[in-house]
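Engineer: make a model of this:
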Amino acid sequence: MAEVKLINVSKIYENNVVAVNDVTFTVEDKEFVVLVGPSGCGKTTTLRMIAGLEEISKGELYIDNVLVNNVPAKDRDIAMVFQNYALYPHMTVYENMAFGLKIRKLPKDEIKRRVEEAAKILGIENLLDRKPKQLSGGQRQRVAVGRAIVRKPKVFLFDEPLSNLDAKLRVQMRTEISKLHQRLEATMIYVTHDQTEAMTMGDRIVVMKDGIVQQIDTPLNLYNKPINKFVAGFIGSPAMNFIEGTLIQENGLKFVSSKGGLKFQLDTNLDELSKYINKKVIAGIRPEEFQPNDSQSSNQKIEIEVEVVEPMGNETFVYFNVDNIQFVARIPSSVVIRPNQKFNFTFDVSKVHFFDGETEKRIN
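Structural biologist: A predicted model of the protein is given here:
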């Protein structure tokens, strides 16, 4: 396997349309890195440049310490799994998986051994004689992954491979791909718009927006220490709640006060916040930080009227509006709550995230 290194890589189309802007990151040998972001953020374009399917406008790309900017895709020793499977409809599963090896003119015995080995890993040994039209979506995706495995490439690239599958199958295939990474000890780069996939699969995550890398970190660090408001709102489901207001000081105590009149006290003396007195700040509260009827003195109480309740089985999402600010809380399903009900929520101020009101960069 191999390290993949991007140094100031950009993709600029006609009329100076910048799809990827000055991207720099390294995928270590045997690491699983996920590129995540909303549609149009440049993640797939970045993957295609690594694959050699898009020309690099600026910057340098190294695979296994070799500069590959001008190396054709077929000579980069990578394998790519596409969103739409890209299987040959007239070929059997075996023929689809063996096709790349035949092109490379490997001996028949070696091809047979590799295909059967990959089929066993993926649990599709009984499908080798079928055509793609006879397979389910999940089976087709396994074949596409198997076709990549048999090549034994230096790097595996995945372009939203699970987006065409139903919810249950997506969860199953997430697990299968993670197991595959551990078993093959492979270098893998995976693109998705689904932050849940990113959080559950990646050793590290590259969060992108408008062609620019926002943050590169482990899933836990992204969740607990988002570098800006965008990352904070994108990572986590349901998304983080935001209160835009002004940081004020009264009688030596600090408060965040919103335009609508929502006001809460800070029970912390963070030095980083001292210079924001009378300036705009954004307070971020994760849905799970809201607690029903908690009387801890360090917490702030909000009286609300429930708008929407979404039972999720072991937990419930509760939506409410306070002073024209929309909130969502995640609470245990054991707490019975109904729409239009008056309710008290509390939250621990020490777990509130703060962002600069102008730059939206993290303060604390």
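
Engineer: buried residues, the host helix or strand of residue 300. List them.
Structural biologist: Assigned by DSSP states H and E, residue 300 belongs to strand 299-311. Going by neighbour count (16 or more other CB atoms under 10 Å), the buried part of strand 299-311 is 299-300, 302, 304, 306, 309. Glycine gets a C-beta too; all of them are placed from N, C-alpha and C.

Engineer: ok now that strand, how far from the chain's centre?
Structural biologist: Centroid displacement of strand 299-311 relative to its chain, using CA atoms, centre = their mean, to the nearest Å, is 28 Å.

Engineer: which elements pack onto that strand?
Structural biologist: Contacts defined by 3 or more CB pairs under 8 Å, 6 or more residues apart in numbering; DSSP states H and E place strand 299-311 against strand 315-322, strand 342-348.

Engineer: neighbouring strands for the longest one, and are they parallel or not?
Structural biologist: Partner strands and pairing direction for strand 315-322 (DSSP bridges) are strand 299-311 (antiparallel), strand 325-332 (antiparallel).

Engineer: where among these is average confidence lowest?
Structural biologist: Ranked by mean pLDDT, the strands paired with strand 315-322 bottom out at strand 299-311, with a mean of 86.

Engineer: show me the contact partners of that strand.
Structural biologist: Strand 299-311 is contacted from outside by 262, 264-265, 291, 316-322, 327, 333, 337-349, using CB atoms under 8 Å, 6 or more residues apart in numbering.

Engineer: buried set for the longest helix along the chain?
Structural biologist: When the chain is parsed with DSSP state H, its longest helix is helix 167-184. Using 16+ other CB under 10 Å as the test for burial, helix 167-184 gives 169-170, 173-174, 176-177, 180-181.

Engineer: repeat for stretch 98-112
Structural biologist: 98-101, 106, 111.

Engineer: what separates the worst-scoring helix or strand of the chain on mean pLDDT from the chain centre, distance-wise?
Structural biologist: In the chain, no helix or strand scores lower on mean pLDDT, DSSP states H and E than helix 271-274, which sits at a mean of 77. Centroid separation for helix 271-274 versus its chain: 31 Å, with CA atoms, centre = their mean.

Engineer: stretch 327-337 too?
Structural biologist: Centroid separation for stretch 327-337 versus its chain: 25 Å, with CA atoms, centre = their mean.
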